[in-house]
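**Q** Need coordinates for the below:
(4 chains)
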Amino acid sequence: KSKPSSPEETSNLNFHPVNNASWKKGQKIQYLYLSRVFDAVAGTTKRLTKTRLVSNFLRSVIALSPEQLVEVFYLCCNKIAPQYEGIELGIGDTILLKAVSEATGTTMKKLKEELGRIGDIGTLAQQKRNKQRTIFPPPPLKISGVFKNLLKLAKTTGHKSGTVKGDLIKKMIVSCRESEIKYIIRCLQGNLRIGLAAQTVQSSLAQAVVLTPPGGKVMDASKHMGPGELEEEIKKTDKIIKQAFIEVPNFEHVITMLLKHGIKELPKHCQLTPGIPIKAMLGKPASGISELFEKFLNVLFTIEFKYDGERAQIHLLPDGTIKIFSRNSEDNTGKYPDLIASLPEAYASGMETFIIDCEVVAWSAKDKKILPFQTLSQRKRKDVSSENIDINVVLFAFDCIYMNGKSLINEQFMERRKILRESFKEVEGKFFFAKGKDAKEPEEIEEFLKLSIESSCEGLMVKALDKDAQYVPDKRNWIKIKKDYLEGMSDSLDLVPIGAFRGKGKRAGLYGCFLLACYDPESEEYQSITKIGTGFSEDDLKKHTEFFKKHLLE
DNA sequence: AGTGACTGCCC
DNA sequence: ATTCTGC
DNA sequence: GCAGAATGGGCAGTCACT
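**A** Numbers count the residues shown, from 1 in each chain, chains lettered A, B, ... in the order given. Below is the predicted model of the structure:
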């Protein structure tokens, strides 16, 4: 109904990755062009449209500037490096506000005031920036320049790093045009907030390489395809690309291999490798035991204790090195030298390689009992050595993803569990298997849940054994049962809202969360207990905001 | 050297 | 982590 | 049901300031 506002917005049918691109072969791509795509993506809620918008841009990058595809991809995903490399920006809202304040000549007080209404530092900065008069046009920001600056920000540490970082951000801000400033800032916040993230960007890449294959002369492969063939190709390619990112969650590696070897050869070059963490398989909440039987009708399943600790994916590399990764693929190797020292007691010396999935739990050696999460969280995280360990820990292993050179992710859990149990043995106070039971009856599950709570666990994990029981990284294919989820079993508190905080992003203009208190009759005071910000429908939020606006005390 | 603000990462 | 929402 | 974006408490580590 409306004319396309940018080349990238035109449909696949009409889009030409070279003729419709805003830049020419061999040029550095301006960040402005990407920010225009982001604007278009933000302008729709339809994921198919978002995918098409991004894929058209990626097609131009493939056709004109494949050497910049990695950086473009990183910026679309709002990341700068693989998680396991531990590269952090070290920039939060406070530093950003300060930079915006200095770059636009607005006082912090004024900015904070307006931020309450607008709910987004990026949008706020854009408004302030548009009011400034620029004497001469700043040099355009390039994608590679922005990306390099992000890495530079991450590398800047130590004394006076705050000032250096602030100056670099300000320098970028003053070069911004149109909505660039908004996305630079949101990028620094680690929150693009345009309804675009990893999954959609990966789908966009798949669509792009089908239509405009890397290294070729074909600009629009759909022209040579029969009806339905394009959709089929895209579906197949989507699967291959996503699998590649699952097995090697390193954008640079996957994209380099994709450009070099093409989509068909990609799986060969992106395989699960000890030393590179994969995303964890997760659980989704069940609200009752009956739910399990609906889901696992005629399917074997098992129930395991859900330990209250920290996830640990442990790798044995061919050179004998052991590495430990967190739930979010952070490298926690340096945090647990004690586990690394003791783990070899749990397997035979002939072991070459493995990846196992465990929970690290705080442990009282004296009482031989597990301790609460709170205790574990007090453990040192850096420069831990055997002398300065104050919080003792123990492992509970529950899955095996890789064993002696062979990936097990496509094996059923029944088989993986068998390999885990055959390859490891329990070591008192150091290494245990997660307590489990292949229960069949609701009563048995109820009983086991009770036992888990009494044993200082959070509840149960429920896992299929021999059907649809592969290890699927990043998917919530397991089921978790905590007593809080169950009707009548959760602890509840009657609290009174005594304060509210303005919402951000899609909650801008509303109260986004509330401060709750408990009345103490002795002191005749309301004592604050906690904030709460989930469980509200959009309608609830609107109503609460209207209501509380009428009852403001200050 | 001590302290508080800020950030990132666990859940 | 929990929860809601558009597709 | 997926993907994304709101939101929570609480800890250790880092850096600026005194």
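**Q** alpha carbons only for contacts and neighbour counts from here, please
**A** Will do.
**Q** quick one, phi psi at the residue in chain A that DNA strand B sits nearest to?
**A** DNA strand B sits closest to residue A:92 of chain A, with a gap of 2.9 Å, by Cα to the nearest atom of the strand. Residue A:92 adopts backbone torsions of phi -120, psi -170, taken as degrees, to the nearest 10.
**Q** That one against residue A:189, yeah?
**A** Yes - counting by Cα atoms under 8 Å, residue A:189 is a contact partner of residue A:92 at 6.3 Å.
**Q** So these two - more neighbours on which side?
**A** Neighbours were counted for residue A:92 and for residue A:189 using other Cα atoms under 10 Å; residue A:189 has more, 18 against 11.
**Q** Now do the helix or strand where residue A:101 lies: distance to the chain's middle.
**A** Per DSSP states H and E: residue A:101 is located in helix A:93-104. What separates the centre of helix A:93-104 from the centre of its chain is 26 Å, taken as Cα atoms, centre = their mean, to the nearest Å.
**Q** buried set for that helix?
**A** A:95, A:96, A:97, A:98, A:99, A:100, A:101, A:103, A:104 (16 or more other Cα atoms under 10 Å).
**Q** Save those residues as JSON lines, and put in distance to residue A:277 too.
**A** Formatted as JSON lines, these follow (distance: Cα to Cα, whole Å):
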{"residue": "A:95", "distance to residue A:277": "31"}
{"residue": "A:96", "distance to residue A:277": "32"}
{"residue": "A:97", "distance to residue A:277": "35"}
{"residue": "A:98", "distance to residue A:277": "36"}
{"residue": "A:99", "distance to residue A:277": "35"}
{"residue": "A:100", "distance to residue A:277": "37"}
{"residue": "A:101", "distance to residue A:277": "40"}
{"residue": "A:103", "distance to residue A:277": "40"}
{"residue": "A:104", "distance to residue A:277": "42"}
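**Q** could you pick out which of these are near DNA strand B?
**A** A:95, A:96 (Cα under 7 Å from any atom of the strand).
**Q** List phi and psi for residue A:278.
**A** With angles defined as degrees, to the nearest 10, residue A:278 sits at phi -110, psi 160.
**Q** What about it, how many residues nearby?
**A** Residue A:278: 25 neighbours (other Cα under 10 Å).
**Q** Contacts only, for residue A:420.
**A** A:356, A:398, A:399, A:400 (Cα atoms under 8 Å, 6 or more residues apart in numbering).
**Q** doesn't residue A:418 make contact with the last one?
**A** No - proximity of residue A:400 to residue A:418 does not meet the contact threshold set by Cα under 8 Å, at 9.0 Å.
**Q** With neighbour numbers in mind, choose between the two.
**A** Between residue A:400 and residue A:418, residue A:400 has the larger neighbour count (other Cα under 10 Å), namely 27 against 12.
**Q** Wait, residue A:510 touches residue A:536, no?
**A** No - applying Cα under 8 Å as the test, residue A:510 and residue A:536 come out as separate, 11.9 Å apart.
**Q** Of these two, give the one with the bigger neighbour count.
**A** residue A:510 (24 against 13).
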